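Pasting the sequence and the predicted coordinates here, then a few questions.
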Amino acid sequence: MDVIVTKDLTKYYGKIKGIESLNFTVKKGEVFGFLGPNGAGKTTTIRTLLGYLQPTRGSATIFGKNIEENIVEIKREVAYIPGDLNIYGHLTGEQFLDYFAALRNREMTLLDELLKIFEVPLDRKVKGYSKGMKQKLGIIQAFMDDPEMVIMDEPTAGLDPLLQQKFYDFILKQKKKGKTMLFSSHILSEVDKICDRVGIIRNGELVALEDVETLKHKRGKKIRLKIKEKPETFKGPKDIKIKNGWIEFIFTDNIDQLIKKLSKYTILDLEINDFALEDIFIHYYEGQK
């Protein structure tokens, strides 16, 4: 089942492009990574999906319901962690959570578990919270009633590395329960850790959409080697770079063909590494000012 389906989803701010012709799906029970630097269109996409912005053209459905016609029904099943988390500062943490619990009118089945993971001083007013503490409160309110889907925009901002790892563990636990998550981030390592598929957005347009492992495989392997002969004599792909005596290039063919090619040289050192998501991301943004 596809939980989110977009068809040519487009949003312009006057003549300025926010997003254009986005076509992607998010499947039930997956963590979908939405990757791009700040200003690429991630937040515009999320705010359009959640009804805060009206699309200029195109359409989208969540749980089979059109976002322009059924957004109230959609929001009953979808929680949201915004990137620019604004919390009512005059409330205590407890009052804040009670307020959202009353709005949802559902049992807060995960509240106790979340409070153990993300400890916050519930008796203090939110205006005295640090950025990280506010982020923890936002995570708690999003997940506390065990929603079917959570849309997250840079959810780990302000969390220390230990809490980030606890958050990843919690996300993977929810995934095992069949929950669906859209995870927007510019932090490549966390997307690589927890996401099943990833969409890469550049200048408001989707430039890649693949399983994480498939996307890495398509980019081949990173090769670094030193040879006894002069590096300039090495014949290989056009994108060869020579740095401090190391020959560097990307190899996308069968690795056996590489071994045969290397047999012509005296190898002093050799490194073969798989592409990480960070390398792929840089590939899609290289040369962009």
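Great, that's in hand.

contacts for the helix or strand hosting Thr61?
Per DSSP states H and E, Thr61 falls inside strand 57-62. Strand 57-62 has contacts (CB atoms under 8 Å, 6 or more residues apart in numbering) with 3-10, 21-22, 48-49, 66-68, 74, 78, 149. Yep, even glycine has a C-beta here, placed from its N, CA and C like the rest.

repeat that with 10 Å
2-12, 19-26, 45, 48-51, 66-71, 73-75, 77-78, 148-149, 151, 180, 182 (CB atoms under 10 Å, 6 or more residues apart in numbering).

can you confirm Phe249 is in a strand?
Yes: under DSSP: H, G, I helix; E, B strand; the rest coil, Phe249 sits within a strand.

Now do the same contact list for it.
220-225, 234, 236-242, 258.

Now with 7 Å, please.
Residues near Phe249 by CB atoms under 7 Å, 6 or more residues apart in numbering: 223, 236-237, 239-241.

Which of those fall within strands?
Per DSSP state E, strands hold the following members of those: 223, 241.

for the strand holding Thr61, which positions count as buried?
58, 60-62 (16 or more other CB atoms under 10 Å).

go on, stretch 267-285?
Neighbour counts over stretch 267-285 (16+ other CB under 10 Å) mark 275, 277, 280-281 as buried.

For these, give me CSV that also has secondary structure and pLDDT.
As requested, these are exported to CSV (DSSP: H, G, I helix; E, B strand; the rest coil; pLDDT from 0 to 100):
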residue, secondary structure, pLDDT
Phe275, coil, 75
Leu277, helix, 75
Ile280, helix, 77
Phe281, helix, 78
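
The residue of the chain positioned farthest from its centre and Lys218: what is the separation?
Of all residues in the chain, Glu229 has its C-alpha farthest from the mean position, at 43.9 Å, by CA atoms, centre = their mean. To Lys218, Glu229 is 31 Å away according to CB to CB, to the nearest Å.

what does Phe249 give?
16 Å.

just Lys173 next, same as before
In terms of CB to CB, Lys173 sits 30 Å off from Lys218.

for stretch 33-47, the distance to its chain's centre please.
Offset of stretch 33-47 from its chain centre (CA atoms, centre = their mean, to the nearest Å): 9 Å.

Show residues contacting it.
By CB under 7 Å, 6+ apart, stretch 33-47 touches 11, 18-19, 22, 53, 83, 151, 153, 182-186, 191, 195, 197-204, 281.

What segments of the chain are helices?
Secondary structure of the chain (DSSP state H): helices at 42-49, 71-75, 93-104, 111-117, 131-143, 161-176, 188-194, 212-218, 255-262, 277-285.

Give me whichever of those is most buried.
Highest mean neighbour count among those (mean count of other CB atoms under 10 Å): helix 42-49, with a mean of 23.

quick one on the thing from earlier: any chance of JSON lines for the helices of the chain, columns distance to Val31?
JSON lines is the format used below for the helices of the chain (distance: least, CB to CB, whole Å):
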{"stretch": "helix 42-49", "distance to Val31": "15"}
{"stretch": "helix 71-75", "distance to Val31": "19"}
{"stretch": "helix 93-104", "distance to Val31": "23"}
{"stretch": "helix 111-117", "distance to Val31": "18"}
{"stretch": "helix 131-143", "distance to Val31": "14"}
{"stretch": "helix 161-176", "distance to Val31": "6"}
{"stretch": "helix 188-194", "distance to Val31": "5"}
{"stretch": "helix 212-218", "distance to Val31": "10"}
{"stretch": "helix 255-262", "distance to Val31": "30"}
{"stretch": "helix 277-285", "distance to Val31": "14"}
